[in-house]
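Visitor: need a structure here:
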Amino acid sequence: MNARIRLLLSSYVPLFFIGAVRFDDSRLRVALGFLVVAGIWSLISLIRVSTRRVHPHEATPTCVRDLSSEVAAYVATYLLPLMTVADPGLRDLVAYALVLAVIGVVFVNSDLVGVNPLLSLCRYRVYQVSGVRKLATGEEADTIVISRDRVVAGSTVTLANLATGVSLVIPQTKDIEQ
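Guide: Reported below is the predicted structural model:
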């Protein structure tokens, strides 16, 4: 599954969990519970595969902007319209699905891909970084960088690419003096 789609699914985990608690229909609660588990598994497996199988590379960002504060706006975007009805009918569910689909398209095709409440809950920070990726034309392109540690312009980091324009900082193992 595409890494951007996996990040999208994991970004909806808090919403699916709240829906599973809030909605009355047991079938809907089970379906949302399944989506919670799938979203968590998707994020964990994406991070594990990236840290073990992807060839990391070192890079030195020239400009860093923290995107973590944008999580609240993203959550409000999808949360408020979807939490109004405890027993949604078919029309409500179709409307919810359409809202999630529209948000999903915007999410996957924009820098929102790193703005993910589940990442925040797992103590990751998200940055928009310049100076670590070049396009085939030679132009520099911004990258979304996900890290547990603070990313600072001018400091070298080891990155694993999750998807085009999305990277994960691989923590460096510290040498133990003997």
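
Visitor: buried ones in stretch 150-164?
Guide: Within stretch 150-164, the residues that count as buried by 16 or more other C-beta atoms under 10 Å are 151, 157, 159-163. The way it works is simple: take the backbone N, C-alpha and C, and place the C-beta from them, glycine included.

Visitor: which one of the residues you listed is nearest Leu43?
Guide: Leu162 (10.4 Å; C-beta to C-beta).

Visitor: All the helices of the protein, in order from the start?
Guide: Under the criterion DSSP state H, the chain contains helices at 3-11, 13-22, 26-52, 71-82, 90-108, 117-121.

Visitor: what stretches of the chain score poorly on pLDDT?
Guide: By pLDDT under 70, the low-scoring segments of the chain are 1, 53-54, 77-84, 111-112, 114, 173-178.

Visitor: hmm, back to that, could you export the helices of the chain as TSV, including distance to Ala136?
Guide: Compiled in TSV, the helices of the chain are given as follows (distance: least, C-beta to C-beta, whole Å):
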stretch	distance to Ala136
helix 3-11	19
helix 13-22	35
helix 26-52	23
helix 71-82	30
helix 90-108	21
helix 117-121	29
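
Visitor: and of those helices, who's closest to Ala59?
Guide: Using C-beta to C-beta, these put helix 26-52 closest to Ala59, at 15.0 Å.

Visitor: Please state the offset of the closest one from the chain centre?
Guide: Computed by C-alpha atoms, centre = their mean, to the nearest Å, the chain-centroid distance of helix 26-52 equals 12 Å.

Visitor: In it, which residues are buried?
Guide: Those would be 28, 32, 35-36, 38-40, 42-43, 46-47, 50, for helix 26-52 by 16+ other C-beta under 10 Å.

Visitor: and those as a markdown table, adding distance to Gly138?
Guide: What follows is those, written out as a markdown table (distance: C-beta to C-beta, whole Å):
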| residue | distance to Gly138 |
| --- | --- |
| Leu28 | 50 |
| Leu32 | 46 |
| Leu35 | 41 |
| Val36 | 43 |
| Ala38 | 39 |
| Gly39 | 37 |
| Ile40 | 39 |
| Ser42 | 34 |
| Leu43 | 33 |
| Leu46 | 29 |
| Ile47 | 31 |
| Ser50 | 26 |
